Structure formats: C-alpha cells, structure tokens
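# model the following, please.
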Amino acid sequence: MAIHSSLHGFVALGNNKMAMFLVTMAMLLWHAESCNTTAVEIDCESMKLTTFPEIINKNATKLGLWQNEISIVPEGIFDDMTALRTLFIDSNQISTLPEGIFNDLMVLETLNLRKNPISTLPEGLF
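Numbers count the residues shown, from 1 in each chain. Here you go, the predicted model:
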C-alpha cells in the first residue's frame with residue numbers, strides 16, 4: 001500500500017518537477033558510492049579516483065575533484081556544463097590539458113589547478 005501511494009505521488013508530479021526528480025535521483029544513485037552530491041554540487045574530494053567520473057548532472061554549479069589521482073582530463077568532459085561556476089581539480093596528477101577544454105564554461109568564476117604537474121598550457125584553453 002505504501003508503494004502504491006508513493007507511485008501515485010510520483011505520477012502526480014508535474015513534468016518539470018518529475019524531470020528534476022529523476023535527474024536528482026539518478027545523480028544520487030550514481031554518486032552514492034563515491035561522491036557527495038546535491039542538485040547543484042558534485043564533490044568527489046579525496047576519493048582516490050584515477051579517472052574523471054562520468055558527469056551526469058550537466059547543470060552542476062560546482063565540481064570538486066581535488067586530492068585524487070586523476071592524470072587525464074578527457075576531451076569534452078565539460079561540454080554543455082554552462083552553469084559551472086567553481087571547478088576544483090587541484091592536487092591530482094594532471095600533466096596536460098586538451099585545447100579548448102574550458103570553452104563551454106562561460107560563467108566559470110573559480111578554477112583551481114594547483115598541485116598538478118602541468119608544465120605548459122595549450123593555446124585556446126578557454
């Protein structure tokens with residue numbers, strides 16, 4: 001009976017609320033094992049990650065991946081993340097960045113790359 005009531009409430013949600021609910025639930029399930037996630041923040045600090053996690057929430061305003069063991073920033077990882085304001089990828093093993101990797105980050109206010117073995121930055125980084 002509780003399941004039926006829950007489903008009834010779920011079906012009664014408006015289209016926008018239902019979409020946001022589904023996105024939020026997907027984010028929470030995906031990150032439940034490794035990252036702390038809210039509707040607008042993804043925090044994967046000190047998780048010993050060696051690769052970038054798949055970013056499901058393209059509407060996140062903050063992404064924290066500091067103090068991990070990430071060595072490669074995949075091309076296109078930030079595509080369509082137009083709401084991202086804060087990006088912490090410091091204290092990893094990143095040595096190079098793909099050209100144009102930050103192109104879609106139009107409202108980015110804070111970018112922390114310190115404590116990575118980056119020796120040169122490519123032209124057209126932004």
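# and stretch 91-100, how far from the chain's centre?
Relative to its chain's centre, stretch 91-100 lies at 16 Å (Cα atoms, centre = their mean, to the nearest Å).
# what residues sit buried inside it?
Buried residues in stretch 91-100, counting neighbours by 16 or more other Cβ atoms under 10 Å, are found at 91, 92, 94, 96, 97, 98, 100. Where you see a C-beta, it was placed from the backbone N, CA and C, and this is true even at glycine.
# ditto for stretch 114-126
Buried residues in stretch 114-126, counting neighbours by 16+ other Cβ under 10 Å, are found at residue 116.
# again, but for stretch 98-109
Per 16+ other Cβ under 10 Å, stretch 98-109 contains these buried residues: 98, 100, 101, 102, 104, 105, 108.
# switch those residues over to TSV; also include secondary structure and distance to residue 41.
Listed next are those as TSV, based on DSSP: H, G, I helix; E, B strand; the rest coil; distance: Cβ to Cβ, whole Å:
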residue	secondary structure	distance to residue 41
98	coil	24
100	coil	25
101	coil	21
102	coil	19
104	coil	18
105	coil	16
108	coil	15
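# distance to residue 77 added to these, as CSV?
Below are the buried residues of stretch 98-109 laid out as CSV (distance: Cβ to Cβ, whole Å):
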residue, distance to residue 77
98, 9
100, 12
101, 7
102, 10
104, 10
105, 11
108, 14
